[in-house]
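> What follows is a protein structure lacking sequence information:
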């Protein structure tokens, strides 16, 4: 008889199950992984040895169980008697302490539906609050304590307020000074666990099996990273050579091919990849040098009017904006045509730079075309440009389907005659009948959203005029560094002052949750986006919401509406005449409505990660706390990929998270949209980290005219190894967690300055306590290196 693990557990054992709905929904049949000598075929002859899902459930049923559920994990079928407490955050109220407290009391303690559950205040200043409320309000419990933030469990439980809601402190986005050394970077702290794939620059992709200790011939004990390759080959990597290892990431989590140690397969693959990279780099470099040789228009330095408009900007420019603006103006004043990409997070101020670039061109007697992917965004930019340049004699036109035939005809004539200075429009601007009198600058917003034919037209226009491209899809930093010198790229990486991260939640669809979220936003005078991306059922969704929250003024908008009707709805919503907009993804690009600070997305599992991040950026564009709720059907078991997308979205919600989103999106979706399909395949074969390293190396070698096919991925790397008879390592009794030890070894292996070593020393003492002798010796050895 076959046995299960449950047959060996003592009576009364506690079984901990991680994500039971996902774990027990997967096929538990045995498969032989590719690259280990098999072809991935199912071993049917072993079927009798493997327990099925029902066997596992029965075997564990006699034990107490503690089950951990991720947001994307369905509830087990036998827990219907457990109340589902859907906690939602308490919306931050504006104003002074007195005004905030009054708002919360009226909202929660004064609500008859909450009488049975009540309001609970947990505060470090409980005595002060008791004095203030003495004899004023009943039904409010006050406890002394310290919770990180409040939450709303009504109607099943109380509403809990904490010092975070009563005495909020504004968390500003940190602006990192140039040259400042940080002990940790987010990229270095990505978890590397036993069983993960790692790439050794010399030996290829293997499986990380952990950190092991071995005695050397001199009697000292050292740590090694154990890597496993095909046919059980083992490689012991000294921790001081950890910088030769890269994390393996690929498109859609594809499993890589693993070679035997000593075979020539890995070297052949690297040479093949390098040859294609050389061709790509040569083509890009040729294009770049050709543009450098073309004589273009040199715009004049800033005028008094330019400075006056810029001084009227109502916000403080961020360091990233100022740096990008300097680069942009320098390009425009040069003798060659500009082709600059400005890459920034959503809401980081790209449009303001576009306005300033357009003004500079117009003041020099040139026309400007602003090309955007949607009519809604065209309308938004039109209003923004009109507002920013309202006191100047500048004629700004809109060319989109929001305009009548007569209006479009008049605009075309004005462009031909030179009467129009700036025109903002969709791909209609690329039509043959659009002719300019003296076009000097083309601004393209989100070029990747245009079709192939439109991109070819844009490419043709780039050869003779200045072009500024804006994108809110961040490029991973490693790839950005690789492309410097082949493309003029500016990155706005600092958030506006007082901007708060968007609080992000992944939840099952729940009408009560939606009702509370909407009512909470209405109570603080805000507006809501409700994204339902199915035109055929969008009106039904609006009717459901009207029944759920009858006090809300609800309106519908989608891309298939009549032009006049869509424009009317959007203008009314922007003017604050409606509370909630039920819409499709037409809101994805560029809409900027500061009063909208709550976003609810239905069926979030059907969207891509980068797209969800873009949509999330439509809220949080003021100093108020914004909230985003990504919902999925209650009975649906999400695929592993969909669950990873939603979990990544919830994890990466801090300011500037778009760069991690971009990297994770490459892992989940691939790099074909940035580098082309051929390079996309090579990313899978090398892993993204090593690919970026080889790409950077190749571009530098092509620029210098000396391509090295022997040392691939190691150029510029001088290996310095000390073999000293000392016990230099991080012992497990000081730091047991292998993931943490790997992370610290990784950082120690890549530092190049004494100040970085000192920062890591201080952080280790702060986190793990005084350094034992072995760690002191390790840091001394690294200091010598």
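All right, it came through fine. Note that this is a predicted model, so its numbers are computed, not measured.

> any weak-confidence spans in the stretch 501-650 of the chain?
590, 639-641 (pLDDT under 70).

> Span of stretch 747-762 from start to end?
14 Å (CA to CA, to the nearest Å).

> typo on my end, it should be stretch 233-242
Using CA to CA, first and last residues of stretch 233-242 are 19 Å apart.

> in it, what's buried?
Judged by neighbour count using 16 or more other CB atoms under 10 Å, the buried positions of stretch 233-242 are 233, 235, 237, 238, 239, 240, 241, 242. C-beta: built from backbone N, CA, C; applies to glycine.

> For whichever strand or helix holds residue 268, which helices and strands make contact with it?
According to DSSP states H and E, residue 268 maps onto helix 265-293. Packing partners of helix 265-293 (3 or more CB pairs under 8 Å, 6 or more residues apart in numbering; DSSP states H and E): strand 204-215, helix 677-686, helix 688-704.

> Tell me which stretches of the stretch 351-500 of the chain form strands.
367-371, 396-399, 422-425, 439-445, 466-471, 488-492 (DSSP state E, counting those that start in this stretch).

> now the ones you listed in CSV, with mean pLDDT and distance to residue 165?
Formatted as CSV, the strands of the stretch 351-500 of the chain follow (pLDDT from 0 to 100; distance: least, CB to CB, whole Å):
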stretch, mean pLDDT, distance to residue 165
strand 367-371, 95, 42
strand 396-399, 93, 43
strand 422-425, 95, 42
strand 439-445, 93, 38
strand 466-471, 89, 37
strand 488-492, 83, 32
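
> so which of these gets nearest residue 561?
strand 396-399 (17.9 Å; CB to CB).

> That closest one: partners in the sheet, and parallel or antiparallel?
strand 422-425 (parallel) (DSSP bridges).

> need the helix or strand of this structure with the lowest average pLDDT.
Lowest on mean pLDDT, DSSP states H and E among the helices and strands of the chain sits helix 672-675, with a mean of 48.

> sorry, back to before: most neighbours per residue, which of the helices and strands packed on helix 265-293?
For those, the largest average neighbour count (mean count of other CB atoms under 10 Å) is found in helix 688-704, namely a mean of 21.

> chain center to the helix or strand that comes right after that helix: distance?
For helix 688-704, the succeeding helix or strand toward the C-terminus, using DSSP H and E, is helix 738-750. Its chain's average C-alpha position is 24 Å from that of helix 738-750, according to CA atoms, centre = their mean, to the nearest Å.

> Please work out the average pLDDT along helix 738-750.
When pLDDT is averaged over helix 738-750, the result is 80.

> Pick out the shakiest of the helices and strands packed on helix 265-293, pLDDT-wise.
helix 677-686 (a mean of 68).

> coming back round to it: as JSON lines, the buried residues of stretch 233-242 with pLDDT and distance to residue 55 would be great.
JSON lines is the format used below for those (pLDDT from 0 to 100; distance: CB to CB, whole Å):
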{"residue": "233", "pLDDT": "92", "distance to residue 55": "35"}
{"residue": "235", "pLDDT": "94", "distance to residue 55": "38"}
{"residue": "237", "pLDDT": "90", "distance to residue 55": "40"}
{"residue": "238", "pLDDT": "87", "distance to residue 55": "45"}
{"residue": "239", "pLDDT": "84", "distance to residue 55": "43"}
{"residue": "240", "pLDDT": "79", "distance to residue 55": "48"}
{"residue": "241", "pLDDT": "84", "distance to residue 55": "46"}
{"residue": "242", "pLDDT": "83", "distance to residue 55": "42"}
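
> Identify those among those residues that sit within strands.
Among the buried residues of stretch 233-242, DSSP state E puts 235, 237, 238 in strands.

> Now distance to residue 195 too, for these, in CSV please.
Shown next, in CSV, are those (distance: CB to CB, whole Å):
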residue, distance to residue 195
235, 16
237, 16
238, 21
